[in-house]
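>>> structure for this input, please:
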Amino acid sequence: MARNRIAALTPPPVPPKPVSTAVAALKSQVGTEETEKSLNLGVAERKELQRRLSAFKLDPGPPNGELGEKARLAIREWQNRSSLTPPGFLGPLQYAALKSESEGILQQSLPIRRVDSPQLVRLPLHEVAPPPEKREPVRARSE
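Model prediction:
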């Protein structure tokens, strides 16, 4: 009887997690010129891609929206670092992974803008309210 209670309190063993099918699909995807064209990346998206690669300390060239040789080398380097097949072109899963991985780094690398707004400052109590001797007496309401 005591064993049953102990067994009920002991959590069941957790089986090892199988490799996610999404991870397997990502690793098996090989980007080609056609898969990258199917992403329909406009100039703005290509510039963003270049900025994301730069956030990884890679050199895709200036963020001009043209994916030239430097950008291809940077994509290959990111693919190598991520243990992906490195053709230098992106497929949809690789593009999504690159965007997801770079989001935090990209946000940290953006310049901080100062906003001119009033700051909330805690003032000592004596600066908030005048001392009691300088206050106006409270008058009772006449109804």
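
>>> quick one: low-confidence parts of the protein?
Across the chain, the ranges flagged by pLDDT under 70 are 1-19, 109-143.

>>> so where do the helices sit in it?
For the chain, the helices defined by DSSP state H cover 2-9, 21-28, 33-37, 43-55, 69-81, 92-109, 125-128.

>>> closest one to residue 61 among those helices?
For residue 61, the closest of the helices of the chain is helix 69-81, at 3.8 Å, according to Cβ to Cβ. C-betas here are computed from N, CA, C, even on glycine.

>>> so which of the helices of the chain comes closest to residue 63?
Comparison of the helices of the chain against residue 63 by Cβ to Cβ identifies helix 43-55 as nearest, at 4.2 Å.

>>> give me the angle between the closest one and helix 69-81.
Taking axes from the mean of the first three to the mean of the last three Cα atoms, to 10 degrees, helix 43-55 and helix 69-81 form an angle of 60 degrees between their directions.

>>> in helix 43-55, what's buried?
For helix 43-55, the buried set under the neighbour-count rule, 16 or more other Cβ atoms under 10 Å, comprises 46-50, 52-55.

>>> need the contact partners of that helix.
Contact with helix 43-55 is made by 39, 41, 60-67, 71, 74-75, 78, 95, 98-99, 102, 105-106, 108-109, as judged by Cβ atoms under 8 Å, 6 or more residues apart in numbering.

>>> and if you look at stretch 28-39?
45, 75, 79, 84-85, 87-95.

>>> most neighbours among those, which one?
Neighbour counts for the contacts of stretch 28-39 (other Cβ atoms under 10 Å) peak at residue 75, which has 27 neighbours.

>>> how close does the closest residue to that residue other than its chain neighbours sit to residue 27?
Using Cβ to Cβ, 6 or more residues apart in numbering and skipping residues adjacent in sequence, the residue nearest residue 75 is residue 88, 5.1 Å away. Separation of residue 88 from residue 27 (Cβ to Cβ, to the nearest Å): 17 Å.
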